[in-house]
Every structure is written in C-alpha cells, then in structure tokens.
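*Asks:* need a structure here:
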Amino acid sequence: MRLKDKAIIVTGGSRGMGRAYCLGLAREGAKVIVNYVSDEKAANDVVQEISQIGGEAHAFKADVGTKSDVQGMVDFAVDKFGKLDVLVSNAGLVHKEPLVEQTEETIDRIFHTNVKGNIFCTQVAAEQMMKQKEGKIILCASIVAVVGEPLLSVYTASKGAILAFMRSAALELSPHQIKVNCVLPGTTVTDMSRDVLADPIMKKALIDPIPLGRLGTPDDLVGIVLYLSSDEANWTTGQFFIVDGGHTTK
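*Replies:* From the prediction side, this is the model:
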C-alpha cells in the first residue's frame, strides 16, 4: 500500500471529487478525516464505506473559510492519528452567472470558501507539519485558473488566486520539507456541475473542446492525488497538474 498509515484530511470529502479522494486514499492504506460543512449523513456514509474495506476514517464538520474551524479539524486529526501527513484542500464552490450580475454576497461567498479556505487550510496544516519537519499540502483549483470561461468570472478569479497562492506557499514552506502542489481538474461530473450539465446544449459545448471526447469523473482525478500524497512525490513542489482530457492542449 502506497499510503499505509498516512494521516490525511480531505476537505469537502463527503461528495463528488472529495468522496473519490477519501475512498482512493483509504484503499492505499491512509487514515482519513472526511471533512464536511452541512451534509453529515453523506460524510458518515463515506466513513462507513471506508470501514467496510478495512480502513479507518472519521467525519469532521468544519467551514474551511473560518480559521478556528480549520484549527479544530487539524487538532482533531492529530488527536486521532498523532500526526498530519497530507492535507487535500478540495472544498469549493462554483457559481455560474453573467459578470455584471454577480452580487457582492456571491463574491464574498465564493472567496470565503475557495480562497480563504485554501489559505487557512495551508496555514494551519503547515504549522503542524513544521513540528513534524515534513508534510504535503494539495490544493485544488480548476482549469479555469489558466483558461477563461464565460459566466464563471468570479469562480475563475478564485481559482486563479489558489494557483498563485500555491507557488508562494511552496517556496516559503520548502525549507520545512513541506511540499505544496495544485490539481487543476477539467469539467467533471459532480453534484456541483449536475445542474449545468442538465442542459444538453451546455453539455455538448463543454464536451466539444475535449480531445478525449467526454467529461471527467471524480475517479479520473484520484490518481494524481494519490501520487502527490505518496513518497513518490517527495521531490515535487510548487507544481500544478492539469487533468482535463486534453482540453487545455488546444
């Protein structure tokens, strides 16, 4: 097992890509904290699935955009596992709306989770990892951090901020042997994207630019997270990894 006894937090771990990450990490031997903010049942379902395959997991409620919540989550992980090897900062929000119609409330809500959430998770995880003299932090952005998409201006700004933040964090934390990297998924079928994909015209427009001819699934993203969590990535930091079916090659 590549991750035997690694202690890992996955934010937004109760559904979508986060759920897939939790299950994939557990299959490789990791002990997992399944973070959620509202759906306790879904988080406990993931914990149960991990238990059924012989793994160890615990659900923990925390709003990643509130630093005290993040501190409580990291403290909980260390109390349960004695350490924190990896943090996968996956929690995020998406909002599709014309640029001129995006309200201040919407902007604050997206930046609260997508930007403040990644910063707070990195800060608090790094403090623990400094004590351990090593660790890995995996931030999750999107291909919109490097390509523009209409109706996603605020979401795009938040994901671009994550990518820029990752580079600085990786440089600052490298003397402590803390590796910081970022995953940029293409359009992936999750609960968050289901409403958009319900429109056949929009779905076709999203598939057409993808050379591999289909949208992603959460399982398509698991491999890169396993790599970045493992000892195979001990000389990898400050990098971003695009997993998008070839979309950004055009």
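
*Asks:* what packs against the helix or strand of the chain with the lowest mean pLDDT?
*Replies:* Every helix and strand in the chain was compared by mean pLDDT, DSSP states H and E; the lowest is helix 194-197, with a mean of 74. Packing partners of helix 194-197 (3 or more C-beta pairs under 8 Å, 6 or more residues apart in numbering; DSSP states H and E): helix 200-207. Placement of C-beta: from N, CA and C, glycine included.

*Asks:* so how far is the helix it packs on from its chain's centroid?
*Replies:* 25 Å (C-alpha atoms, centre = their mean, to the nearest Å).

*Asks:* can you tell me what sits against that helix?
*Replies:* 187, 196-197, 213-215 (C-beta atoms under 8 Å, 6 or more residues apart in numbering).

*Asks:* state the distance from the nearest residue to G148 once chain neighbours are set aside to K80.
*Replies:* Spatial nearest neighbour of G148, excluding adjacent residues (C-beta to C-beta, 6 or more residues apart in numbering): T156 at 6.6 Å. According to C-beta to C-beta, to the nearest Å, T156 stands 36 Å off from K80.

*Asks:* now A164
*Replies:* 33 Å.

*Asks:* past the lengthiest helix in the chain, which element shows up next along the chain?
*Replies:* For the chain, the helix reaching the highest residue count under DSSP state H is reported as helix 153-173. Counting by DSSP states H and E, the next helix or strand C-terminal to helix 153-173 is strand 178-185.

*Asks:* neighbouring strands - and their directions - for that next one?
*Replies:* According to DSSP bridges, strand 178-185 forms sheet pairs with strand 135-140 (parallel), strand 240-243 (parallel).

*Asks:* pull the number of nearby residues for R194.
*Replies:* 10 (other C-beta atoms under 10 Å).

*Asks:* could you do H112 as well?
*Replies:* By other C-beta under 10 Å, 16 other residues sit near H112.

*Asks:* tell me who's in contact with it.
*Replies:* G65.

*Asks:* A164 and K80: which is more packed in?
*Replies:* Neighbour count, other C-beta under 10 Å: between A164 and K80, K80 has more, with 15 against 12.

*Asks:* just give me how far the helix or strand harbouring the more buried one sits from the chain centre.
*Replies:* Assigned by DSSP H and E, K80 falls within helix 67-81. Offset of helix 67-81 from its chain centre (C-alpha atoms, centre = their mean): 17 Å.

*Asks:* thanks again, I'm all set now.
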